[in-house]
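# Need the 3D shape of this:
(chains A and B)
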Amino acid sequence: MSQANGARAPGKEVLLADKLRKEYPERVALKNLSFSLKAGRVLGFLGPNGAGKTTSIRILTTMLPPSSGYFEVDGIRSEEPEKIRRKIGVLPEGLGFPKHVTGLEYLVFYGQLFGQTPAEAHAVAQQLLIDTGMKQRGHMLVGTYSHGMRQRLGIARALVNDPHVVFLDEPTLGLDPRGQAELLALIQRVAHERNTGVVLCSHALSEIEGVCDDLVIMNSGEMVASGTVAEVTRGERLHDVFLRLTAETIG
Amino acid sequence: MSAAASQRTPPVWWLMFKREMSELWLGGRGFNLLILFCLLMSLTTWLLATNSELNLTPREEIQFIALQAIMTFGLFLGLVIAAESIAGERERTTLEALLLTPGSRRQIVVGKYLTALSLWPAALLLAIPYMFALEKDTELVWRALAWGAPLGTLLALTFTGIGMIVSLWSNTGRTSLFISLLFYLASLLPAQLPGEFMATPIGLLVQAAGPLEAAKQFLQHTLVSGEPVADNLMFVIIPALVALVVLALLFLYAAPRLQFNGVRGLRRAGTPAREGGQ
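Numbering: from 1, shown residues only, chains lettered A, B, ... in the order given. Okay, the predicted model is just below:
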């Protein structure tokens, strides 16, 4: 995998959330979310349905404004969403793809939207296709891609601007076990070789446990645990910890 | 591509326009709509050419009816594409990826707007042979087109803009299309008002404010009745103002507020679109 262009010191804090809150007229979707993420680490974002994971991701990716609190990406505060978008890559849950373009054209288009010249965008796209194992498929129409290939293309698109933080919302949903394993390996490579902070939102505890360095567990819009995997689990199985912390909602 | 051109970063609106044009025309939707337009124009032309009751109708009036058909069908095409453009992306969940880029939302909308607008000149070009099929006097056809083309363009700017505004706030392409068509049908309503009312100053204002009706009135007074243009400027100025208001609303107010979900107020508070998967 190609190395990141930006100078990112390993261990540097690339994402900081401080008391993020999101309110709707009839309910509070998110209460006081605070955590941080360092470059080169994978943070697992866990929680049952309705826990506030997607709301959190949407706020952290500037798609929704927080009702209160703030966050920073590589030192840029949430009041400057356009600058933050230059620093992040996102694979939203259930992302759709245009069918009538090739994978290469798709990546070149997004590269140019991030300010790359056509030549730069083409070079970056070619490299990302290699990095995500899609080199042979780059000239095929996206409409012919399998679900797994689309997810890889989605990750490639999320990396097109060499982001400091990548948000992946349920990237392995609907993939077969082999596809899941390959994608998780790719996510680890993204974090370690590009020195990028990765926020991995998932329901699958086993994949979180295997890939993540840090954890945030959400329940009913509240953060109920955070820290390194070892700190959160304290020798217990993640599955048991998760069930205990979210027992009220799941019950 | 030249070396110099490949060193420049194209503006966002141009990138969007290129991508959308490619999807519209290479994807086949644009051609399908134009085929539909040609079928409707063929039917209209055939009816006009074969209806013996129209034999005594002045030639100017035949051209006027043909122009009306071109506008009615041609403007509909742009409206359909505009109504689907953003709401459709929202529905296909491709919009979020666009909004996650630092590109200006206004420029994204400009690219999509210009694409939807591209159907009008194509329809107008295709309509010219139909007008010649109805009239041998080329001077009359060009005179009709000289007024019909700019007026139609003014209306295309308005209706495509209305379609885009509705699309910006709709969650699905179908909803957007339905609401846009309601606007379109509402613009045809003045023609159904009683003749006595239409002759009053308020009636005239109502006609002028409805862009399609105003264009119809202008063409009828100038092309058919031969009245001086200066006497009928109201029927051009007011639609031009309506176009300006629509474009200002679209590009200055609505476009910068483009979001991944549409109007949340239409849903139950607290359950915004596509947030179910938390």
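# The stretch 101-250 of chain B: helices as residue ranges?
B:105-117, B:119-134, B:138-169, B:173-188, B:195-199, B:201-209, B:211-219, B:234-248 (DSSP state H, counting those that start in this stretch).
# got the CA coordinates for the second one in PDB?
Meaning helix B:119-134. Extracted in PDB, the C-alpha atoms of helix B:119-134 (Å, rounded to 0.1, in the frame of the first residue of the first chain):
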ATOM      1  CA  LEU B 119     -32.700  19.000 -23.000                       C
ATOM      2  CA  TRP B 120     -34.400  22.200 -24.100                       C
ATOM      3  CA  PRO B 121     -32.100  23.200 -26.900                       C
ATOM      4  CA  ALA B 122     -32.000  19.600 -28.100                       C
ATOM      5  CA  ALA B 123     -35.800  19.500 -28.200                       C
ATOM      6  CA  LEU B 124     -36.000  22.900 -29.900                       C
ATOM      7  CA  LEU B 125     -33.600  21.700 -32.600                       C
ATOM      8  CA  LEU B 126     -35.600  18.600 -33.200                       C
ATOM      9  CA  ALA B 127     -38.800  20.600 -33.400                       C
ATOM     10  CA  ILE B 128     -37.700  22.800 -36.300                       C
ATOM     11  CA  PRO B 129     -38.400  20.200 -39.000                       C
ATOM     12  CA  TYR B 130     -41.900  19.800 -37.700                       C
ATOM     13  CA  MET B 131     -42.500  23.600 -38.000                       C
ATOM     14  CA  PHE B 132     -41.300  23.400 -41.600                       C
ATOM     15  CA  ALA B 133     -43.500  20.500 -42.300                       C
ATOM     16  CA  LEU B 134     -46.500  22.700 -41.300                       C
END
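# I'd like the mean pLDDT over the helix or strand harbouring residue A:149, please.
Using DSSP states H and E, residue A:149 sits within helix A:147-158. Taken as a whole, helix A:147-158 has an average pLDDT of 92.
# and it, is it in reach of chain B?
Yes. Counting by C-beta under 8 Å from any C-beta of the partner chain, chain B has neighbours in helix A:147-158: residue A:157. In short, each C-beta sits where N, CA and C put it, glycine included.
# tilt between the next helix or strand after that helix and helix A:147-158?
Counting by DSSP H and E, the element after helix A:147-158 in chain order, helix or strand, is strand A:165-169. With axes from the mean of the first three to the mean of the last three C-alpha atoms, to 10 degrees applied, the angle from strand A:165-169 to helix A:147-158 works out at 150 degrees.
# And strand A:165-169, what does it pack against?
Using 3 or more C-beta pairs under 8 Å, 6 or more residues apart in numbering or on different chains; DSSP states H and E, the elements in contact with strand A:165-169 are helix A:53-60, strand A:88-91, helix A:147-158, strand A:197-201.
# make it 7 Å
In terms of contact count using 3 or more C-beta pairs under 7 Å, 6 or more residues apart in numbering or on different chains; DSSP states H and E, strand A:165-169 is assigned the packing partners helix A:53-60, strand A:88-91, strand A:197-201.
# Next SSE downstream of the least confident helix or strand in chain B by mean pLDDT?
When the helices and strands of chain B are scored by mean pLDDT, DSSP states H and E, helix B:3-6 comes last with a mean of 54. Where DSSP H and E defines the elements, the next helix or strand beyond helix B:3-6 is helix B:12-21.
# what separates the following helix or strand past that next one from the chain centre, distance-wise?
Next helix or strand after helix B:12-21 toward the C-terminus (DSSP H and E): helix B:29-50. Chain-centre distance of helix B:29-50: 17 Å, with C-alpha atoms, centre = their mean, to the nearest Å.
# can you list contacts of helix B:29-50?
Residues external to helix B:29-50 that are found in contact with it (C-beta atoms under 7 Å, 6 or more residues apart in numbering or on different chains): B:24-25, B:54, B:62, B:65-66, B:69, B:73-74, B:77, B:80, B:119, B:122-123, B:126-127, B:130, B:133-134.
# can you check stretch B:178-196 too?
Contact with stretch B:178-196 is made by B:76, B:79, B:83, B:159, B:162-163, B:166, B:170, B:203, B:206-207, B:210-213, as judged by C-beta under 7 Å, 6+ apart.
# Would you point out the most distant pair within the residues you listed?
Maximum pairwise distance among those (C-beta to C-beta): 33.0 Å, between B:170 and B:203.
# So if I had to pick from the two, which one is more boxed in?
Neighbours per residue (other C-beta atoms under 10 Å in any protein chain shown) separate residue B:170 from residue B:203, with residue B:170 holding more: 25 against 16.
# Contact partners for that one?
Listed by C-beta under 7 Å, 6+ apart, the contact partners of residue B:170 are B:87, B:176, B:179, B:262.
# measure stretch A:60-78 end to end?
For stretch A:60-78, the first-to-last residue distance is 8 Å (C-alpha to C-alpha, to the nearest Å).
# cool, and stretch B:96-113?
End-to-end distance of stretch B:96-113 (C-alpha to C-alpha): 18 Å.
# check whether that stretch contacts chain A.
Yes. Stretch B:96-113 lies within reach of chain A by C-beta under 7 Å from any C-beta of the partner chain, at B:96, B:97, B:99, B:100, B:101, B:102, B:103.
# Name the nearest residue to the fifth one, sequence neighbours excluded.
It refers to residue B:101. Distances taken as C-beta to C-beta, 6 or more residues apart in numbering or on different chains place residue A:113 nearest to residue B:101, at 4.1 Å, with adjacent residues excluded.
# Around chain B, pick out the residues from the stretch 51-200 of chain A.
The stretch 51-200 of chain A has residues A:51-55, A:61, A:63, A:82, A:85-86, A:90, A:92-98, A:100, A:109-110, A:112-119, A:157 near chain B, with proximity defined as C-beta under 7 Å from any C-beta.
# Out of those residues, name the ones that lie in strands.
Among these, the members found in strands (DSSP state E) are residue A:90.
# among the residues of the stretch 51-200 of chain A next to chain B, which are in helices?
Secondary structure of these is defined by DSSP state H; positions in helices are A:53-55, A:82, A:85-86, A:109-110, A:112-113, A:118-119, A:157.
# so where's the chain uncertain?
In the absence of a named chain, this looks at chain A. For chain A, applying pLDDT under 70 flags the ranges A:1-8, A:248-251.
# Chain B, not that one
For chain B, the stretches with pLDDT under 70 are B:1-6, B:52-55, B:208, B:264-278.
# redo that, cut-off 80
Counting by pLDDT under 80, chain B shows low-confidence ranges at B:1-8, B:51-57, B:188-199, B:203-210, B:262-278.
# Against chain A, how distant is the nearest residue to residue B:205 once chain neighbours are set aside?
Distances taken as C-beta to C-beta, 6+ apart put residue B:238 closest to residue B:205, at 8.0 Å, once the chain neighbours are dropped. Shown here: residue B:238 relative to chain A, a distance of 38 Å by C-beta to the nearest C-beta, to the nearest Å.
# One more: residue B:77?
Taking C-beta to the nearest C-beta, one finds residue B:77 at 20 Å from chain A.
# Is that residue in a helix, a strand, or coil?
Following DSSP: H, G, I helix; E, B strand; the rest coil, residue B:77 is assigned to helix.
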